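In: Quick one, structure for this:
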Amino acid sequence: MPQQIIKEHQIAIVPVKLDWPETENLPGENTFQKMRELERRGIKSFGKTSQPSPKDFLDKYKDQLERFDKIICVTITSKLSGTYNSAIQAKNFLDPEKQKRVFVVDSLNASCGQALLVFKAIDLIKIGKEAEEIFNEMEKFVPYIRFFVMIEDPKWLEASGRISHLVAILLRKIAKAGVRPLLTFKKGILVPAGIKTGAKDIPTTLFKQFEAEIKKNQERKQKN
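Out: As a prediction, the model looks like this:
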């Protein structure tokens, strides 16, 4: 989420915890830049992540409730992280009256998919919708968010142990031929969405995928 948007709309962030001591003193404004620096220096290391605790959410809730009448919390998919559960537990720690002022939405997505849901909330707030209405509309909006992933290089997936060395070698070989697997979120879980050929240029391939999805949705609306 761009810092400008966060500041403008007074969004509170509850970050996932990252334990990666090797990156602490490296140059870079974010984790991804530090990862590239690790690779440049030939340092083989991978960090560990953990979900925010209920207290992390509780502290943010209390702070935001002092500034706003009601708040909406949007979490990463509950199918891949316990973050949503932490957010719900934190809400239950509040006084009963304050619990009614907190709405927690499971995005069933991540990254930019989660951010799109936040932008949806911002649009609804701007037109004067009440928190309850916004929450209900966001819940209905969740299934319509499409998020596609295409991996440029499987090195970090291999380093984290999510795929084997042999699978990483196979992915690199087929990538040279312009063949790449496409991933997407389905009901909160990251699953294969197909194989794309002629996909040496990832951005172009992804834009074409989105164009196809938009066309498909338009045709579906016309039939209905």
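In: Reduced to three states, what does the nearest residue to Val16 once chain neighbours are set aside come out as?
Out: Distance criterion CB to CB, 6 or more residues apart in numbering; nearest residue to Val16, sequence neighbours excluded, is Thr49 at 5.3 Å. The C-beta positions use only the backbone N, C-alpha and C, and glycine is treated the same way. Secondary structure, DSSP: H, G, I helix; E, B strand; the rest coil: Thr49 is strand.
In: partners of Thr49 in the sheet?
Out: Counting by DSSP bridges, Thr49 is bridged to Leu18.
In: ok, now Cys73?
Out: Where Cys73 sits in a bridge, its partners, by DSSP bridges, are Val104.
In: What about it, how many residues nearby?
Out: 21 (other CB atoms under 10 Å).
In: Likewise for the one 4 residues further on?
Out: The burial count assigned to Thr77 is 21, neighbours taken as other CB under 10 Å.
In: mind listing what the nearest residue to it once chain neighbours are set aside touches?
Out: Setting aside the residues directly before and after it, Thr77 is nearest to Gly188 in space (CB to CB, 6+ apart), at 4.1 Å. Residues near Gly188 by CB atoms under 8 Å, 6 or more residues apart in numbering: Thr77, Ser78, Lys79, Leu80, Asp106, Leu108, Asn109.
In: CSV for these, including distance to Leu183, secondary structure and pLDDT?
Out: Formatted as CSV, these follow (distance: CB to CB, whole Å; DSSP: H, G, I helix; E, B strand; the rest coil; pLDDT from 0 to 100):
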residue, distance to Leu183, secondary structure, pLDDT
Thr77, 13, coil, 96
Ser78, 18, coil, 96
Lys79, 14, coil, 94
Leu80, 12, coil, 90
Asp106, 20, strand, 98
Leu108, 15, coil, 97
Asn109, 12, coil, 96
